[in-house]
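J.: pasting the structure only:
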């Protein structure tokens, strides 16, 4: 079977679509609504959209669905593609709804497709399509520089690269040591506003910012973490597990263990309180703190609060950055007890040496 990219061009050719160059794109009449250049093709990513009747970008499966007015399964049958794996050179993505195992990783096939999607979304955020999304993000205090640095994106919705989103959404890639572990979508109107791109493995968002700091802040969500890092990233490391009830992945544990103190800035609600109590039980160096106003850091900023000054206050109360360097702020016994709590069944090797 041909791959998806060639199949899209084959289908367009079979439909008699006369394509011409339009800068970095190919353009032509839309088989559904006509025109001269309404149909837009990105030849490098092999995706399409219609300026008039289908502004959301999609791939060959989405093209046939729109052209024929059929569902996903029927479109796959038309193209002789496996519905479970329409990208012929990719493995079937994990559909499990179970919480991720502590050391599970996304497979490389998933990473390749998810990387294409979030890079596409990143570009769309800075196009006219992303105007409303950028305005919404600015209303949460996030600068353009922050959005660029953390590669936040905007996806118009639909089906692309083997993934489907229920509507337009802001995309948040979870990168760790430069590798993609997950993509989280923030929807504007769904009851469940945050959903993972299927196949994602939640670890810890922003863990790389902990390097060089003895105190770290854990927030409940990504946007609070971005705002805190934007305003005070030089003072403190900032990360999030994604929610108050998220489980600890091994990658999260390894990056939190070296910290002297972990400040839990979770939402001021029942879920945040319960999450802070759970994490405090697991990590003896964790302490819950509340924002001075509002439910979370973003609401505090929106109310006119000075995030940086608040962080300075927290550091003064919970341990100044000017403390002298020591290997750990906890005793060896307390540290080992925490390791055993986080890694049940771990074997602690003694550093004592016996004489020959």
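T.: Done, it's in. Just so you know, these numbers come straight off a predicted model, no measurement behind them. Numbers count the residues shown, from 1 in each chain.
J.: what's the neighbour count on residue 170?
T.: With neighbours defined by other CB atoms under 10 Å, the count for residue 170 comes to 24. C-beta: built from backbone N, CA, C; applies to glycine.
J.: residue 122 now?
T.: So residue 122, with other CB under 10 Å, has 20 neighbours.
J.: got it, and residue 63?
T.: 27.
J.: show me what contacts it?
T.: Residue 63 is in contact with 8, 11-12, 48, counting by CB atoms under 8 Å, 6 or more residues apart in numbering.
J.: pick the one among these closest to residue 231.
T.: residue 48 (40.8 Å; CB to CB).
J.: tell me which residues in the one helix or strand that closest one maps to are buried?
T.: When elements are assigned from DSSP states H and E, residue 48 belongs to strand 47-50. Neighbour-count burial for strand 47-50, counted by 16 or more other CB atoms under 10 Å, picks out 47-50.
J.: tell me the helices and strands packed up against that strand.
T.: Using 3 or more CB pairs under 8 Å, 6 or more residues apart in numbering; DSSP states H and E as the contact test, the elements touching strand 47-50 are strand 34-42, strand 54-58, helix 60-68.
J.: give me the residues contacting the shortest one.
T.: By that I understand strand 54-58. 30, 32, 42, 47-49, 62, 65-66, 120, 124, 129, 156-160.
J.: next: stretch 136-156.
T.: 55-57, 117-125, 129-130, 133-134, 165, 168-173, 175, 185, 188, 223, 226-227, 229-231, 298, 301-302, 307.
J.: go with 7 Å
T.: 55-57, 118, 121-122, 124-125, 129-130, 133, 165, 168-173, 223, 226-227, 230, 298, 301 (CB atoms under 7 Å, 6 or more residues apart in numbering).
J.: does the nearest residue to residue 184 once chain neighbours are set aside sit in a helix, a strand or a coil?
T.: Of all residues not flanking residue 184 in the chain, residue 172 sits nearest, at 4.5 Å (CB to CB, 6 or more residues apart in numbering). Residue 172 falls in the strand class when you classify it by DSSP: H, G, I helix; E, B strand; the rest coil.
J.: thought residue 172 was touching residue 222?
T.: Yes - contact status for residue 172 versus residue 222: in contact at 4.9 Å, counting by CB atoms under 7 Å.
J.: now for the two: what residues contact both?
T.: By CB under 7 Å, 6+ apart, residue 172 and residue 222 have these common neighbours: residue 184.
J.: looking at the two, which one has more neighbours?
T.: residue 172 (25 against 22).
J.: contacts only, for that one.
T.: Counted by CB under 7 Å, 6+ apart, residue 172 has contacts 152, 183-184, 186, 222.
J.: again with residue 301
T.: 141, 227, 307.
J.: ok, 8 Å please
T.: 140-141, 227, 231, 307 are the contacts of residue 301 under CB under 8 Å, 6+ apart.
J.: if we can go back for a sec, export the buried residues of strand 47-50 to TSV and tack on distance to residue 215 and pLDDT?
T.: What follows is the buried residues of strand 47-50, written out as TSV (distance: CB to CB, whole Å; pLDDT from 0 to 100):
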residue	distance to residue 215	pLDDT
47	44	85
48	49	88
49	47	88
50	52	90
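J.: now the two most distant members of those.
T.: Longest span within the buried residues of strand 47-50, CB to CB: 47 and 50, 11.9 Å.
J.: that older thread, what subset of the contacts of residue 63 is buried?
T.: Buried among the contacts of residue 63 (16+ other CB under 10 Å): 8, 11-12, 48.
J.: from those residues, which ones fall inside strands?
T.: In this view, these that belong to strands under DSSP state E are residue 48.
J.: please go through this structure and pick out the longest helix.
T.: helix 108-125 (DSSP state H).
J.: do me a favour and get the end-to-end distance for stretch 282-300?
T.: 28 Å (CA to CA, to the nearest Å).
J.: quick one: it to chain centroid distance?
T.: Using CA atoms, centre = their mean, to the nearest Å, the mean C-alpha position of stretch 282-300 is found 22 Å from that of the whole chain.
J.: ditto for stretch 181-200
T.: 8 Å.
J.: give me the buried positions along it.
T.: 181-187, 194, 197-200.
J.: specify which member of these is nearest to residue 262.
T.: Nearest to residue 262 among the buried residues of stretch 181-200, counting by CB to CB, is residue 181 at 20.6 Å.
J.: part of a strand, is the closest one?
T.: Yes - checked against three-state DSSP, residue 181 lies within a strand.
J.: so who does it touch?
T.: Contacts of residue 181 by CB under 8 Å, 6+ apart are 105-106, 174-175, 200-203, 251.
J.: same check, this time on residue 161
T.: Counted by CB under 8 Å, 6+ apart, residue 161 has contacts 59, 87, 113-114, 116-117, 120.
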